[in-house]
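Chemist: heads up, no residue letters with this:
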């Protein structure tokens, strides 16, 4: 089975066609905190730039990404720090 990080990357790559996609596992920074577990893959930071976010509010962008990652939450993802921008905003 692919790592959760790889699954997140592949899923967002396929569904958002981003011009930038950084998926960083920051679980080690949360050791001992709520939702953390041995082995990591519980806390991620995403930076996504995609035209799919055009015309959407920040809340709508977050809901879109969270919905796409529903399976990741079922697989143990506890927290997601998300930066979601359009190509114009990232320029």
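Modeler: Nice, I can see it. Quantities reported herein were computed from a predicted structural model and do not represent experimental measurements.
Chemist: Check which residues of the lowest-mean-pLDDT helix or strand in the chain are buried.
Modeler: Using mean pLDDT, DSSP states H and E, the weakest-scoring helix or strand in the chain turns out to be helix 70-74, at a mean of 92. Residues of helix 70-74 classed as buried by neighbour count (16 or more other C-beta atoms under 10 Å): residue 72. C-beta coordinates here come from the backbone N, C-alpha and C atoms, glycine included.
Chemist: Equivalent analysis for stretch 2-16, please.
Modeler: Buried, per 16+ other C-beta under 10 Å, within stretch 2-16: 4, 5, 7, 8, 9, 11, 12, 16.
Chemist: And the pLDDT for the third one?
Modeler: Translated: residue 7. On pLDDT, residue 7 comes in at 95.
Chemist: Please enumerate the helices of this protein.
Modeler: Remark: helices assigned in the chain by DSSP state H are 4-16, 58-68, 70-74, 87-90.
Chemist: now what about the shortest one, what contacts it?
Modeler: Under the contact criterion C-beta atoms under 8 Å, 6 or more residues apart in numbering, helix 87-90 has outside partners 19, 20, 49, 50, 51.
Chemist: Show the average pLDDT along that helix.
Modeler: 97.
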